[in-house]
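In: Generate a structure from the sequence data that follows.
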Amino acid sequence: MTVAAVPANTLRQDARVITLVGIAHGVSHFSHLLLAALFPWLKPAFGLSYSELGLLMTMFFVVSGIGQALAGFVVDRVGARSVLFAGLAILGMAALVMSAAHNYTMLLAGAMLAGLGNSVFHPADYTLLNQRVSPANLGHAFSMHGISGNLGWAAAPIFLTTMAGLSGWRSALAAAAFLPLAVLLLLFVNRQVLDTGDARRKAAAAAPTSGSVLAFTRVPAVWMCFGFFVISALALGGIQSFSVASLRALYDMSLPWATSGYIAYMLASAAGMVAGGFFAAMTVRHERIIAYAFSAAGVLALLLASGMVTPLMAIILIGAMGFGSGVAGPSRDLLIRAAAPKNATGRVYGVVYSGMDIGLASAPLLFGMVMDANHPAWVFILIGVFQVGALLTAVRVGSSTSRKAAIA
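Out: Numbers count the residues shown, from 1 in each chain. Model (predicted):
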């Protein structure tokens, strides 16, 4: 497939939009770990159990999931830029609330407020990218969007634990509050680049006045995409929550060595997203890329579960898993774009991505029970099973949208 050349002025605008949206997305992923990175300080400070600490994260993702589904409707109604600005402001307020917490209830309220702020990013980000980036560069836009999220995940524990070690957890959260507020200022200065007013007005004019805003929910491909995100997020949640503990149990690794496996996964996933952007730009059958990438990742997960490789090879294999998962990222987002009805981008991305929050909220409970039952190998077995389940769902979405395009 030949990709048409893009004018230089369009490339410059695309690069600015991608950069600004990517920075905001990094803040979103940074917020996922605002409390988790500080658990070693919060537990003794408030006398909390591990279950109470886990509930903080569960409530974050529950609110984020519900809010994300609703935020898509707001994005389509008032515009992505305004909603994104509001999300950044709420994240800053949430960090300040948690930094001033004197009891568990305030921590919980802050976690829920952070979940509300986090809920807007996917529907707002993807609407901005779809409306403000040229089609030829969308694959690269989605890959950079995913990379920025991974960088946010990587930066949060480094920043927060360093600040907490130097001046305490309250100071760490207070300092973290300035990050979304600084990014909000940056985006406000560049607000013209993110203006989707014309696109929104055209969409409103093109929409049938008698149509329902819920019409997209009758599209089977939308719910298959939702299912894809639930299943793939369960696999990601297993990696994030218990891959380190499983590696230690299976391969008798030290904590730093096992942690390096998780770092290898995240860094390789970012590299995979870069490659995935180029792969996605070369085809319209994005489900095939997802199938190849997740098939390889699933096989590697089962090989890790066997415990038959050396510790060094285990680190290499989990990194290769991350690369495969990263390659699938841009194609995944383009697949959703193809499945979305016209003029419903925000709503579709909001509902579909709420599946990720459901998966991430459920995974720690599921994999925690597996580890409590002393079955560390099943962590990677289940990760492999979920990856295979996700690819099967992606193939169904691709087949459905291909038939739709052929009929049209």
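In: Show me where the stretch 151-300 of the chain has its helices.
Out: Here the stretch 151-300 of the chain has its helices, by DSSP state H, counting those that start in this stretch, at 169-189, 197-206, 220-251, 255-281, 286-306.
In: For the ones you listed, give me a markdown table that also has distance to Leu317.
Out: Backbone N, C-alpha and C define where each C-beta goes, glycine included. Shown next, in a markdown table, are those (distance: least, CB to CB, whole Å):
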| stretch | distance to Leu317 |
| --- | --- |
| helix 169-189 | 34 |
| helix 197-206 | 44 |
| helix 220-251 | 10 |
| helix 255-281 | 9 |
| helix 286-306 | 5 |
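In: Mean pLDDT lowest where, among the ones you listed?
Out: When these are ranked by mean pLDDT, helix 197-206 comes last with a mean of 55.
In: Now tabulate the helices of the stretch 151-300 of the chain in JSON lines and tack on mean neighbour count and distance to Gly65.
Out: As requested, the helices of the stretch 151-300 of the chain are arranged in JSON lines below (neighbours: other CB atoms under 10 Å; distance: least, CB to CB, whole Å):
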{"stretch": "helix 169-189", "mean neighbour count": "18", "distance to Gly65": "20"}
{"stretch": "helix 197-206", "mean neighbour count": "13", "distance to Gly65": "25"}
{"stretch": "helix 220-251", "mean neighbour count": "22", "distance to Gly65": "10"}
{"stretch": "helix 255-281", "mean neighbour count": "20", "distance to Gly65": "22"}
{"stretch": "helix 286-306", "mean neighbour count": "22", "distance to Gly65": "22"}
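In: Ala394: which of the ones you listed is closest?
Out: With CB to CB as the criterion, Ala394 lies closest to helix 286-306 of the helices of the stretch 151-300 of the chain, at 4.2 Å.
In: then that closest one to PDB, C-alphas only?
Out: C-alpha atoms of helix 286-306 as PDB (Å, rounded to 0.1, in the frame of the first residue of the first chain):
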ATOM      1  CA  HIS A 286      -5.000  -3.900  11.200                       C
ATOM      2  CA  GLU A 287      -6.500  -7.000  12.900                       C
ATOM      3  CA  ARG A 288      -3.800  -9.100  11.200                       C
ATOM      4  CA  ILE A 289      -1.000  -7.100  12.900                       C
ATOM      5  CA  ILE A 290      -2.800  -7.500  16.200                       C
ATOM      6  CA  ALA A 291      -3.200 -11.200  15.600                       C
ATOM      7  CA  TYR A 292       0.500 -11.800  14.800                       C
ATOM      8  CA  ALA A 293       1.700  -9.600  17.700                       C
ATOM      9  CA  PHE A 294      -0.500 -11.100  20.300                       C
ATOM     10  CA  SER A 295       0.000 -14.700  19.100                       C
ATOM     11  CA  ALA A 296       3.800 -14.200  19.600                       C
ATOM     12  CA  ALA A 297       3.300 -12.600  23.000                       C
ATOM     13  CA  GLY A 298       0.900 -15.400  24.100                       C
ATOM     14  CA  VAL A 299       3.400 -18.100  23.200                       C
ATOM     15  CA  LEU A 300       6.200 -16.300  25.000                       C
ATOM     16  CA  ALA A 301       4.000 -16.000  28.100                       C
ATOM     17  CA  LEU A 302       3.400 -19.700  28.100                       C
ATOM     18  CA  LEU A 303       7.100 -20.300  27.700                       C
ATOM     19  CA  LEU A 304       7.800 -18.100  30.700                       C
ATOM     20  CA  ALA A 305       5.200 -20.000  32.700                       C
ATOM     21  CA  SER A 306       7.000 -23.300  32.100                       C
END
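In: Report all helices and strands that that helix contacts.
Out: Here helix 286-306 touches helix 220-251, helix 255-281, helix 311-339, helix 377-407, going by 3 or more CB pairs under 8 Å, 6 or more residues apart in numbering; DSSP states H and E.
In: Of all the ones you listed, which one comes closest to Val183?
Out: Comparison of those against Val183 by CB to CB identifies helix 255-281 as nearest, at 19.6 Å.
In: For that closest one, name the packing helices and strands.
Out: helix 138-167, helix 220-251, helix 286-306, helix 311-339.
In: Relative to Val379, which of these is closest?
Out: helix 220-251 (3.9 Å).
In: Now do that closest one against helix 286-306, angle only.
Out: Here the directions of helix 220-251 and helix 286-306 differ by 20 degrees (axes from the mean of the first three to the mean of the last three CA atoms, to 10 degrees).
In: For helix 220-251, what is the distance to the chain centroid?
Out: For helix 220-251, the separation from the chain centroid amounts to 12 Å (computed by CA atoms, centre = their mean, to the nearest Å).
In: Then stretch 238-258?
Out: On CA atoms, centre = their mean, the centre of stretch 238-258 falls 22 Å from the chain's centre.
In: buried sites along stretch 389-399?
Out: Across stretch 389-399, burial judged by 16 or more other CB atoms under 10 Å covers 389-391, 393-398.
In: Nearest to Ala124 among those?
Out: Using CB to CB, the buried residues of stretch 389-399 come closest to Ala124 at Val397, 22.7 Å.
In: so how far is Gly227 from that closest one?
Out: Going from Val397 to Gly227 by CB to CB, to the nearest Å gives 9 Å.
In: on that earlier part again, so which of the helices and strands packed on helix 286-306 comes closest to Ser82?
Out: With CB to CB, the closest approach to Ser82 among the helices and strands packed on helix 286-306 belongs to helix 311-339: 21.9 Å.
In: what's the spacing between the following helix or strand past the closest one and its chain's center?
Out: As assigned by DSSP states H and E, the chain's next helix or strand after helix 311-339 is helix 345-372. Here helix 345-372 is found 10 Å from its chain centre; the criterion is CA atoms, centre = their mean.
In: Now for the closest residue to Gly350 other than its chain neighbours, how many residues are close by?
Out: Once flanking residues are discounted, Gly350 sits nearest to Gly72: 2.2 Å by CB to CB, 6 or more residues apart in numbering. Residue neighbour count, defined by other CB atoms under 10 Å, stands at 31 for Gly72.
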